[in-house]
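Trainee: output the structure for:
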Amino acid sequence: MHRLRTCPRRPVSIRPRLECAWQWPASNWLWVFSISSRIRLYAVSAGNYSGSHFMHAFFHRTLLLLTEHYVWIAIGVVLVALLIFSVRLGRHERHWSGRLLAPVNWYSRNLAARRLTINILGAMLILWTVQTFTAWVTPALRPSQLFTPPVVGPQAVRVTKAAEGTLNQIATYTGNVQPWEDAVIYARVDGWVKTLNVYPGDVVHSGEVLATLDLSALEPQLENAKAQVTYWKAEFQRNRKLYHAGAISRFDGTRMHDEAAQASLHRVETEIGYATLRSPLDGVIAKRHVYPGVYVHKGEMVVKVDDLHRVRVQFNVAETDLQWIHPGSVVYLCFSQLDDVLLRQRFPKDFVKEPGSGAGTLRAVVAAVFPQEDPQTHTGLVEVRIDNPDLLLRENTYVVGDLVRRSVTKGVLIPTSALTTEPDGKQVVFVAPPFSAQGDVQERTVTLGVQGQNRVQILKGVKAGELVVTRGNRELVDGQAVDVLNLNQASGL
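Mentor: Have a look, this model is predicted:
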């Protein structure tokens, strides 16, 4: 028979058993003391009480917990009672066995069942303790604390005057700068790279020599071709004289050999001319693919030249916005990585400072909208073409473009913060009295037009010159009294 014992039995007295049960190592007592200290400090900080008022806060929170969560406290008491009963059930004396019911007697002798029960009850008690401590530290709010009392007197608000102006509805995309034209120089014959006179970043002009190839292996072919031309040319002249003298009937074969020799000489001279690689345009060396002393094959890339005197700025625009974009549409190019002063110096005519457009903004127009869309991303390519003085913009320079979808030149504009959405989806604004700092607001349903980032066009509901509430309008109702804080500033007085 197995018994669950916390310490060995001693018939002399129960004092050794108590000492065995409560003689913990000093580290355990230090752990308990540190946990209790942390709980006390957390309770003090959570309750916003000082250390001297901790006892008052402790009793106040405890009383509040007992009155508001008495059912939860009763559950904890039941858990503790069941846990104590399960632990003490295996410690009864042998003569108690006859007094217990059969199931309880079996349970008291079954060590595995009692262990499982104690573990489950212990885990439940730990969870109960954590939840109780949380409820003790953060007591629930009373129903009266869940509502904000109504404002007594006029509601303080700020207003803005509705005014006529220009508004752009934009769609923002990111793009890259591409060269106006680029050329990749290929080797047209096999040979060793003899000289390579350029390096990435060098400015070159059309016709300038970029590299030369060593084609000394073609010199014997050149000499042979010249000899063949000399021989067959002489044979052709001799046979022509004999033909005119009537000695021979024809000399077509000699003519054919002469022409073939001249063609062979021309081919060899052309291949030798391919040894010199020249730039086909004015531009900048973008990349070198080979180095001096390397053997290149026919068709292998040698250098790449980019024409950056004029550049293309390309954007991948969603198909939902392509319907609004066409050649001539205005676009604002933002180069946040470039200095405003430098951009103003390089682009004095195109430099603008749009509100909210960011630093370094240039005004340009769309040059082309490509007719084909990407089947995977469903975007179309939009291209902007601008000059690039002093080669300020480089290939693949990052740019943010604000493409103007719709524009209004003369419309009634108000800040978007003045709009309030009703539960039924209607857009309303509150109009303040025009000449008095205190008065009643009027709720109006408005019809929106072009919507910008911070402003919106009003087609119907508000007239130019009226004051609309932009701050404090979320809690307003029609006819509510308000106190306008910035009347003179908004009215322009």
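Trainee: does residue 261 sit in a helix or strand, and which one?
Mentor: Here residue 261 is covered by helix 252-273, with elements defined by DSSP states H and E.
Trainee: list the buried residues for the next helix or strand after that helix?
Mentor: Counting by DSSP H and E, the next helix or strand C-terminal to helix 252-273 is strand 276-278. Judged by neighbour count using 16 or more other C-beta atoms under 10 Å, the buried positions of strand 276-278 are residue 277. C-beta here means a position set from N, CA and C on the backbone, and glycine is covered the same way.
Trainee: parallel or antiparallel, which strands does strand 276-278 pair with?
Mentor: According to DSSP bridges, the neighbouring strands of strand 276-278, each with its direction, are strand 209-214 (antiparallel).
Trainee: residue contacts, residue 290?
Mentor: Residue 290 makes contact with 193, 196, 211, 296, 300, 301, 302 under the criterion C-beta atoms under 8 Å, 6 or more residues apart in numbering.
Trainee: between those, which sits nearest residue 447?
Mentor: Each of those was scored against residue 447 by C-beta to C-beta, and residue 301 proved nearest at 60.4 Å.
Trainee: quick one, what contacts the spatially closest residue to the closest one that is not a sequence neighbour?
Mentor: In space, not counting the residues next to it along the chain, residue 301 is nearest to residue 289; the distance is 4.3 Å by C-beta to C-beta, 6 or more residues apart in numbering. With contacts taken as C-beta under 8 Å, 6+ apart, residue 289 has the following neighbours: 300, 301, 302, 303, 304.
Trainee: scan those residues and report the most crowded one.
Mentor: Highest neighbour count within the contacts of residue 289: residue 303, with 25 neighbours (other C-beta atoms under 10 Å).
Trainee: ok so that residue is a strand residue?
Mentor: Yes: applying DSSP: H, G, I helix; E, B strand; the rest coil, one finds residue 303 inside a strand.
Trainee: would you mind measuring from it to residue 293?
Mentor: For residue 303, the distance to residue 293 (C-beta to C-beta, to the nearest Å) stands at 16 Å.
Trainee: can I get the contacts of residue 289 in TSV with distance to residue 350 and pLDDT?
Mentor: Conversion of the contacts of residue 289 to TSV gives the following (distance: C-beta to C-beta, whole Å; pLDDT from 0 to 100):
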residue	distance to residue 350	pLDDT
300	41	92
301	36	91
302	37	92
303	32	94
304	29	94
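Trainee: can I get the residues you listed in a markdown table including distance to residue 345?
Mentor: Below are the contacts of residue 289 laid out as a markdown table (distance: C-beta to C-beta, whole Å):
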| residue | distance to residue 345 |
| --- | --- |
| 300 | 42 |
| 301 | 37 |
| 302 | 36 |
| 303 | 32 |
| 304 | 30 |
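Trainee: I'd like to know which helix or strand in this structure has the lowest mean pLDDT.
Mentor: Using mean pLDDT, DSSP states H and E, helix 15-22 stands out as the lowest-scoring helix or strand of the chain, at a mean of 39.
Trainee: the helices in the chain, which residues?
Mentor: According to DSSP state H, the chain carries its helices in the segments 15-22, 26-47, 54-68, 70-89, 102-109, 111-137, 219-245, 252-273, 319-322, 340-346, 487-491.
Trainee: picking that back up, and the helix holding residue 261, average pLDDT?
Mentor: Mean pLDDT, helix 252-273: 70.
Trainee: next one: the closest residue in space to residue 306 that isn't next to it in sequence from residue 372, what distance?
Mentor: Once flanking residues are discounted, residue 306 sits nearest to residue 179: 3.9 Å by C-beta to C-beta, 6+ apart. Residue 179 is 21 Å from residue 372, where distance means C-beta to C-beta.
Trainee: what about the two, which has more around it?
Mentor: Comparing residue 179 with residue 372 by other C-beta under 10 Å, the one with more neighbours is residue 179, at 23 against 7.
Trainee: and the strands in the stretch 251-400 of the chain?
Mentor: In the stretch 251-400 of the chain, the strands defined using DSSP state E, counting those that start in this stretch lie at 276-278, 283-288, 295-296, 301-318, 330-334, 351-352, 361-373, 379-387, 398-415.
Trainee: packing partners of the fourth one?
Mentor: This points to strand 301-318. In terms of contact count using 3 or more C-beta pairs under 8 Å, 6 or more residues apart in numbering; DSSP states H and E, strand 301-318 is assigned the packing partners strand 163-186, strand 191-196, strand 209-214, strand 283-288, strand 379-387, strand 398-415.
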